[in-house]
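*Asks:* Give me a 3D structure for the following:
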Amino acid sequence: MHDISSRSLDLFSPTYAIARSKFLGAASARGLVVDSHVLDLPGAEGETLAVDVVLDGPADASKMLIVLSGVHGVEGFCGSAVQIGLLTEDTPMYADTAILHVHAINPYGFSHLRRVTQENVDLNRNFVDFTKPLPVNTGYAEIHNWLLPATWPPGVDAEAELAAYRTQHGARGLQRAIGLGQYIRADGMFFGGSAPTWSNRTFRSILKRYTRNVKQLASIDIHTGLGPSGVGERIFASLDQNAKPRARQWWGELTDVHTGTSTSIPLTGPIQTALFEECPQAEQIGICLEYGTYPSDRVTSALRAEHWLHRHGSADPLLAQQIKCDLKEAFYPNADDWKHDIWRQGRQACLQAIKGLQADCSVET
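*Replies:* Numbering: from 1, shown residues only. Purely as a prediction, here's the structure:
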């Protein structure tokens, strides 16, 4: 039996700077080239911010697994750990198969402990066609001022309004209003942007460079913050519903945002859109691996507080520090057993994908 507990904690990092250093070190130890896309902004500690790409396997491989971390910045700690783990162990590999690690696709949010990018954009709402009318989320417009009131902590009026909305529309309705994605308030939560972000453009350029020869493409996009603590929910994340039977063969039980079985809701402009637009020649199959942390009310409150801090600032440095600490803890609990579970499940999902790629990847109905 593979013993992971003795080494798994070393895969995790307390900061983006340390996570990046470990990732670069793991690639170097394997003799793998790192392709760094540098963002021209300083990190929280003055460090370089970059999307670092490592191809593990032949450059002309027709079968590829893409492992993606840090779409939602502060959620990047876990995805980074899984990527480092895969690079530092003897991962079973097969001929004509490669793993493409895209580390910290939102390095600004990862470093500065924000879920969003430097543009205050939720990257998983940004992959829409900005030449066409943008999606409309009328629910968010109704609750924006109550989600982000002028003062923090919020007063009883703000909480009463949100409670009333939940009573009228249900908990799922409130979740949808908050998280679906909105394109009207650039300073608000889950803002999808007014144009493709730097991370969006960078990810597309990475796909164009590395996937030209790929015929069978698998993807695992790693997130945290929804669901039971330590449980890695496997959310079907292919735009082609016909791929679902094959995905179940690879990964077992899956949830689906479109059937209401997932803790997540349908999103406007998810990053998987780029996979299909930039890799049309490849058969595709993918999941989001969503690790639970704390109850949703705690996670949402932490997000609201951090967005409030970004909008208004705070004259109280202790309050600002506490808000940042609370956000990090909401998406990256400081618990050893939780980290063990993240690596174990992440490793398993990646190995299942690598093995699955060896079979005929054509979809079954």
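
*Asks:* By residue count, which strand of this protein is the longest?
*Replies:* In terms of residue count, the longest strand belonging to the chain (DSSP state E) is strand 216-229.

*Asks:* how about that one: buried residues?
*Replies:* By neighbour count on 16 or more other CB atoms under 10 Å, the buried set for strand 216-229 is 216-227. Just so you know, the C-beta spots here come from the backbone N, C-alpha and C atoms, and that holds for glycine as well.

*Asks:* what separates it from the chain centre, distance-wise?
*Replies:* Chain-centre distance of strand 216-229: 7 Å, with CA atoms, centre = their mean, to the nearest Å.

*Asks:* what packs against that strand?
*Replies:* Helices and strands touching strand 216-229, by 3 or more CB pairs under 8 Å, 6 or more residues apart in numbering; DSSP states H and E, are strand 63-68, helix 76-88, helix 272-278, strand 283-292, helix 296-312, helix 317-331, helix 336-357.

*Asks:* One more pass at 6 Å, please.
*Replies:* Here strand 216-229 touches strand 63-68, helix 76-88, strand 283-292, helix 336-357, going by 3 or more CB pairs under 6 Å, 6 or more residues apart in numbering; DSSP states H and E.

*Asks:* Heading C-terminal from that strand, find the next helix or strand.
*Replies:* Note on strand 216-229: by DSSP states H and E, the next helix or strand toward the C-terminus is strand 232-236.

*Asks:* Compute the inter-axis angle for that next one and strand 283-292.
*Replies:* Calculated by axes from the mean of the first three to the mean of the last three CA atoms, to 10 degrees, strand 232-236 forms an angle of 150 degrees with strand 283-292.

*Asks:* For strand 232-236, give me every contacting residue.
*Replies:* When contacts are defined by CB atoms under 6 Å, 6 or more residues apart in numbering, strand 232-236 is touched by residues 227, 244, 247, 251, 254-256, 262, 264, 287-291, 345.

*Asks:* Report the rounded mean pLDDT for the longest helix seen in the chain.
*Replies:* Counting residues, the longest helix in the chain under DSSP state H turns out to be helix 156-179. Helix 156-179 comes out with an average pLDDT of 96.

*Asks:* For Gly57, which residues are in contact?
*Replies:* So Gly57 contacts 97-98 (CB under 6 Å, 6+ apart).

*Asks:* tell me the pLDDT at it?
*Replies:* For Gly57, the predicted pLDDT is 96.

*Asks:* who's in contact with the longest strand of the chain?
*Replies:* With contacts defined as CB under 6 Å, 6+ apart, strand 216-229 is touched by 63-69, 75, 78-79, 233, 263-264, 275, 279, 282-293, 299, 331, 349, 353, 357, 361.

*Asks:* Setting aside sequence neighbours, what's the nearest residue to Trp152?
*Replies:* In space, and not counting its chain neighbours, Trp152 is closest to Trp308: 4.7 Å by CB to CB, 6 or more residues apart in numbering.

*Asks:* For the one you found, give me the pLDDT.
*Replies:* 96.

*Asks:* Could you list the low-confidence segments of the stretch 1-150 of the chain?
*Replies:* Low-confidence segments of the stretch 1-150 of the chain (pLDDT under 70): 1-6.

*Asks:* try 50
*Replies:* Applying pLDDT under 50 to the stretch 1-150 of the chain picks out residues 1-4.

*Asks:* do the stretch 251-365 of the chain as well
*Replies:* In the stretch 251-365 of the chain, residues with pLDDT under 50: 361-365.

*Asks:* Pretty sure Val54 sits in a strand.
*Replies:* Yes - per DSSP: H, G, I helix; E, B strand; the rest coil, Val54 lies within a strand segment.

*Asks:* what's the burial count for it?
*Replies:* If you count neighbours by other CB atoms under 10 Å, Val54 ends up with 24.

*Asks:* so Lys328 sits right up against Leu113, yeah?
*Replies:* Yes - with contact defined as CB atoms under 6 Å, Lys328 reaches Leu113; the gap is 5.3 Å.
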